[in-house]
Structure formats: structure tokens, C-alpha cells
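Peer 1: Quick one: sequence and predicted model below, then my questions.
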There are 2 protein chains.
Amino acid sequence: MKKINIGLFGFGVVGEGIYKVLEEKPQLNAAIKKIVIKDNSKPRNAPSELFSTNADDILNDDEINVVVELISDADAAHDIIIKAFNKGKHVVSANKKLIADHHKELLDLQAKNNVSFLYEASVCGSVPIIRNLEEYFDNDLLNYVSGIVNGTTNYILTKMANENESYQDALKAAQESGFAEADPTADVEGFDASSKLAIITLHAFGKKIDVDQVIRKGITSLKVEDFKYAKEKNYTIKLIANSKINHQTGEITSTVLPTFVELNKTIALVNNEYNGVLIGSSLSDEQFLYGKGAGRFPTSSAVLSDISALKYDYQYSIRKYENKEEGVFNQTGKKRIYIGFENQADDVSNIFDEIEERYQSKNYNHIVGVIDIEKLKQKEIIENPKLSIIAFE
Amino acid sequence: MKKINIGLFGFGVVGEGIYKVLEEKPQLNAAIKKIVIKDNSKPRNAPSELFSTNADDILNDDEINVVVELISDADAAHDIIIKAFNKGKHVVSANKKLIADHHKELLDLQAKNNVSFLYEASVCGSVPIIRNLEEYFDNDLLNYVSGIVNGTTNYILTKMANENESYQDALKAAQESGFAEADPTADVEGFDASSKLAIITLHAFGKKIDVDQVIRKGITSLKVEDFKYAKEKNYTIKLIANSKINHQTGEITSTVLPTFVELNKTIALVNNEYNGVLIGSSLSDEQFLYGKGAGRFPTSSAVLSDISALKYDYQYSIRKYENKEEGVFNQTGKKRIYIGFENQADDVSNIFDEIEERYQSKNYNHIVGVIDIEKLKQKEIIENPKLSIIAFE
């Protein structure tokens, strides 16, 4: 079995956790040889001779065969990964935004240098979604992947649903509990979920999609009144990332949208900071993978699984990506949508093809009906912070 | 990509489903060349020239490179698989009892003939538990696998819990709905779960365990009163198959026991005919895999995934089984157990090391306490139909 010599970039909670496990488990036959950090003045729970602030101490060390990249700076991470590939080193990363934004370039470089690039930790923490899509589900039979891939928003939505809290209060609680960052934009506006969905979509359907093309609406516009409506109808509201393919046309539709989910559905059981993903395929029942999507242990676990896999030279075969076509978006479909708004002035009933239900009151209004996706994704609609846009499953 | 020519044994709902998908999806590059059945007089939904009653029509056909074995007769299946291996053919099977009973022999023969033997459908239908244990979770980090692996008993227990039905009534309902067989023994006595647990244990910890050594109690002794007790304590009762390893000693403990599960735990969410398995590892959060465990679509789906995997010569590396040690059972531990019984004459308080709680009434009695596993697994205890034995998690 191959000995893994690791060069680690970043030594936060995940990096430290991985260091500890590898120290305690010599049978894993993997050890950290060098750790590159930005700030060498902080005290660290590892021998000082392991640390350096010079990336070349890892990149130019021929004995280091695996780079584990766990830094937050996406540009620096991009630079490190490319240099590592060119030096013939395998790379394990958890950097979803970087991967989603540069997926094609990184896969091409990986292939050119015949190294492995593994990134299970980038999507849903320790939930082995990429590995399952890669190895188990045949793309000819896969129809959709759909689920909750962002723990921060799920924590906030669970609080809003269970405790009738406003978005602002729930966000504050999430920040105080460590489930939301000081600047929560990437999570609450659905950017993080869109990056993960793009990565998932490539491994599910073999098509690279442009993250910016995901039809995306975050959770910041959701109101207490929307949850009241949900409760009356036996729904809850979840931020659902969904990619589906039309096998006849090859068209993919990828959305990240607040969505009414029936309370008796599997996905409604995913609460708090948990993630859960449904994989739907022809002739099969839905499969459901569930676990914690982020945090020290889940992320460390995913990184360690990737490191372990490198011992037997595992690579994503990405055989589904063989033809390397860009994804085609089906943006001409129709969708059943709820739109809530406080002021009559924000009424957008004119964009509905068909209105099923209309509620007006002094404080809150909503419309339920069918909208052409073309109209829904106009900036003045989907990006209008005054509109609570919620999809029906 | 390799062309798969399939010889299919058995043409029940699963076999027919697979035939249809392969016909409809030529891009899968797999086709059924011959189907061997027992009874040639029934009308079949496939061209008659495909059928034969002679196994040699598959086994002696050199163009057939994959045998898919879907027959119920375990002895006949055993014979077919061994002949197929010796002819250099890969085998896909869903036959858990056969596999659990002959696991070592079959793995050795597979290795000797350098063919693939895949059997995802044998455990939890389309839930990719074997593939995940094989490919994703490093055994050095795995601590336990625990869950609901039998849909029939879970259906019955769900009915007993939700509708206060007796075991007999719930069994009858399950039989009427097609979730239990006319002779339900293999399911309700936990034999089926034990076979699946043995297969899971080999792929989790690399140790072959003897199915007969699993500490096993079925659900046939459970009473309405046991469910009343569970409800009072905010539990439900599930038939939990659990294998755990002590990494210091290498000892494995494998049990299939009715178990009190707290209602807010993930596994309590698995109801009706569904299966759900938790995978616990060091440094990781629990992973949870969930889906339908049996039936036409889930089983077909798992078989098709295995067929697909053969296109790129997938084999279980079973690298965890490299040393091929027999498993060691830790049968000296202690366990917290509830025992319920109707007649005072069946009182078994003498086997408890420590009694925590004791309830006596005219109609029903129970004791809660700690029991040495050595005492629990005595035949006159564990096989006593008058005792409701329920473990605490």
C-alpha cells in the first residue's frame, strides 16, 4: 500500500483534526510532512518544525505526494492546486466555490498531469454524495438530484418554521450558535448551494453548468407569513437545490429555490444544520443520503476518506464527463410558484401565466400560480428583495 | 466500453424489470442473451427464443460474460454461481442467505477465477450500503454499522407502534399488503437481518462472521404492552441489526435485537417497509443511508448498478478482507435490556446482574436491567417465545 506524505495548507479546526487522526492511526499509512500557514505567530497544537509560511516548502518537496488544501482564500487555493497538479501531486480540497468556478480547468489539468483531484468534503461534508454519483449511479438512469446542501440556511429555516421567528432573529441565533458567519451572504443568498449544485450536476449528469446560470433565490426575503401559509397547507419551507435532466433533449434545469415541502416527505425530516440529498433514477426508488454538511468532524471525515482513497490511486473516473459537453439549460419550462409581498405596489400578477390563488390583506399578500421560467428568472423578479418566491415541488 | 452479454436466471418481477430497462436503454451497452427459467409453460413478456430451462445454455455460452442470478432456490443458486465462476463469468446476485452462508467460499472462488461477484441488491435493496462500505469508509475509522435492514419487520413494527395492533394482526396486514410472505419466519425471526448483517460486517470490518453466532431475537414475542412502555418513555421499537468493533482487541459484536429507539433519533424516522442504516466512524459524524429495502424497483435498481459497474470491470476490492481472519465475537460484554413477560412463572430476574426497574401486574410484567451477554444468549432465554427481549441503544 502506498505511503501518503501530505503537505497541508491551512491549520484550522479541520486541518488540526486531520493531523491528530493521522498521528493516532499510523496504520492509515499517511502522515503530514509539512503544514503551510499564513500566520506563524499563533500557538499551534503540533510540533513547530512542521510549520512554514512558504508554499514552496510543500510544492517543491518531491517526497510530498498529496496536497490537502483547506484555506479560505479562493485565489490562493486556485494557485496552489494548479502548481500542485503541475508538480505531479494529488490534491484533496474542500473548496466548493473554487471548484465550481474552475471545474473544467481543474479537471483538464488533473487529467493532463495524471493525478487525482478529490473533493468530497466540498459538498455536504461527510455525506458521500460525489462518490455515490461517481461510482454507484449510472447517469443513463439518473433523473434528478435534489436536496438540502447548505446547513446554515437549513438551520435558519428550521428555526423560522418551529419557533415562528423572523428571518433576522433566526439569522442572529444561527450566528450566535456558530452556524452562520458574520457575513452570511454566500449561504443565505444561495451562492454556496449553487456552487455545490454545479459540482453535483457534473458528477450526476456529466455536464458542466455555469454557476451563474442556476436559477437562484436565497432565503432573505422569507416572511413569518410565508411560514404561516406553509403550516396551513401542511408544508414546511426548505432551500432546495435541484438538478434534473430531460434524457430526450439532454436539457438540464438547475434551481436553488425556497420550496414548499410536504411534511410527510423524507426531505422534510432534514432539520437544523443537517444536509440530505435525494437521488432519483429510472426504475429505482429515491435514494436518500443524510448527514452533517459542514463543521470540523464531517469535513475532516470526508477529507480523510479522500486521503484513504489515494492509497489505492483512486480517481474520479468522471466517465460521465467523457464527452465534456457544456450543459444545456431548459429555461423554457413552467413552474408552479408562490409569491408573497407586503405592499400592493409590488404585485407581480402580470408575470403569471395562470393564477390559481390570490390572497390580499392589509399586511401581506400572496399569489399562487404557474410562471414561465423565462419570466421568473428576470432580474427584477428573482432578485427583488421584496418578493418571497417559493417553489412547489 | 465493454459489451455486457447477460445470462439471466429467473424471470420474476425483478428479472422482467431488468429486461425491460436494458431493452429501452441500448446506451447501457448491456443485453440479455438468454433467460433460464424453471417453468417454460407460463406466458412471458419477452421473446420466447430468449428462454430455456437448461442452465447450460447460459453456462456453456462463451459469449455470455455476466450471469445475473435471481432465483429463490439457494442450493440451485449456489451451484449456478460456482459453475459461472469456473467458466470465467462475472456474477451479480441478490441472494443474501446464500452469500452470508457461503461468503468465504464464494469470495475465494471469485478471486481464484479473477471474476467479479457483485451483490448490492442482497442488502437493503437499492441503498448502496456495500458499495459505500467498500469504497468510501476506511475500516480503520469505522466503529459500527447499525440500522433497519428488513422491511417486513419494520412494516409490522410500524403498524404495532402507530395503530396499537397486536403482532398477529400487524403480520396479517403485512401479508395482505404484500410486505410479508405466507411463511414469514425468515423475516420475523431475524434470520434475514442476520444474513444481511453478516454481509455488511465483512464489508465494514473485513471479518467473516458466522451467521449463527449473531445474537438474534426476532419480533414475534413483542406485545402491545411493550409498545405502551416504549411510548411512555418516548421510544419506539425497531428491529436493529448492529455490528460494532473494538479496535483495541479486534472483537466484533453483532446483534439483531428488538431495540428501544428514542423518537427524536434518525433511525426512528425509518418507518413502514423502508430501510435505513447508520455508519459510525471516528472523527466523523454518523452517516445515514435510507431507501426502500426490497421490492421490484429497488432490487432491479441495485442489480442494474452492479451490471453497470461491470462495464468498467468493477470488483469489490475487499481490501478490508485481505487478512481473511475470522471475526472474534465479544460475547463477554454487558447490555442494558428490557424483558417483558405475561406470567410470573417466566420471571427471569435471576439472569440480571443488576435490576434497575421492575413492574408487576396481573396481566404483564417487565424487568429492566443489565445482563451479561453470556447469559442473554443462552437458548432458554433468547429463544424463549414467552419473553419480550428488547435492548436499549
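Peer 2: Noted; the coordinates are in hand. Fair warning: this is a prediction, and the values are worked out from it, not measured in the lab. Numbering: from 1, shown residues only, chains lettered A, B, ... in the order given.
Peer 1: From here on, just use CA atoms for contacts and neighbour counts.
Peer 2: OK.
Peer 1: so what strands line up beside the host helix or strand of residue A:35?
Peer 2: Counting by DSSP states H and E, the element that carries residue A:35 is strand A:30-36. Next to strand A:30-36 in the sheet, as set by DSSP bridges, lie strand A:4-9 (parallel), strand A:51-52 (parallel).
Peer 1: Out of those strands, which gets nearest to residue A:391?
Peer 2: Ranking these by proximity to residue A:391 (C-alpha to C-alpha) places strand A:4-9 first, at 40.3 Å.
Peer 1: Please save the CA atoms from the closest one in CSV.
Peer 2: Output of strand A:4-9 as CSV, limited to C-alpha atoms (Å, rounded to 0.1, in the frame of the first residue of the first chain):
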residue,chain,number,x,y,z
ILE,A,4,0.9,9.1,1.7
ASN,A,5,3.1,12.1,2.5
ILE,A,6,0.9,15.1,2.9
GLY,A,7,1.5,18.7,2.5
LEU,A,8,-1.3,20.6,4.3
PHE,A,9,-2.4,24.1,3.5
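Peer 1: starting at the chain centroid, how far to that strand?
Peer 2: 25 Å (C-alpha atoms, centre = their mean, to the nearest Å).
Peer 1: right, and the helix or strand after that strand?
Peer 2: Stepping forward along the backbone from strand A:4-9, the first helix or strand reached (DSSP H and E) is helix A:13-24.
Peer 1: by contact count, what packs against that next one?
Peer 2: Using 3 or more C-alpha pairs under 8 Å, 6 or more residues apart in numbering or on different chains; DSSP states H and E as the contact criterion, the elements in contact with helix A:13-24 are strand A:30-36, helix A:296-310.
Peer 1: Now do the longest one and strand A:4-9, the angle between them.
Peer 2: In this structure, helix A:296-310 runs at an angle of 140 degrees to strand A:4-9, with axes from the mean of the first three to the mean of the last three C-alpha atoms, to 10 degrees as the basis.
Peer 1: between helix A:296-310 and helix A:13-24, how big is the angle?
Peer 2: Helix A:296-310 and helix A:13-24 are oriented at 50 degrees to each other (the same axes, to 10 degrees).
Peer 1: What of the first one?
Peer 2: Angle of strand A:30-36 versus helix A:13-24, following the same axes, to 10 degrees, is 140 degrees.
Peer 1: And the contacts of strand A:30-36?
Peer 2: The set of residues external to strand A:30-36 that reach it, using C-alpha atoms under 8 Å, 6 or more residues apart in numbering or on different chains, is A:3-11, A:19, A:22-23, A:50-55, A:57-58, A:64, A:307.
Peer 1: Rounded mean pLDDT for it, please.
Peer 2: Here the mean pLDDT over strand A:30-36 is 96, rounded to a whole number.
Peer 1: Equivalent analysis for stretch A:364-380, please.
Peer 2: Stretch A:364-380 shows an average pLDDT of 95 in the prediction.
Peer 1: Let's have the helices and strands packed on helix A:13-24 in a markdown table, adding mean neighbour count and distance to residue B:350.
Peer 2: As requested, those are exported to a markdown table (neighbours: other C-alpha atoms under 10 Å in any protein chain shown; distance: least, C-alpha to C-alpha, whole Å):
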| stretch | mean neighbour count | distance to residue B:350 |
| --- | --- | --- |
| strand A:30-36 | 21 | 51 |
| helix A:296-310 | 25 | 43 |
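Peer 1: Among those, which comes closest to residue A:148?
Peer 2: Each of those was scored for nearness to residue A:148 using C-alpha to C-alpha, and the closest is helix A:296-310 (15.6 Å).
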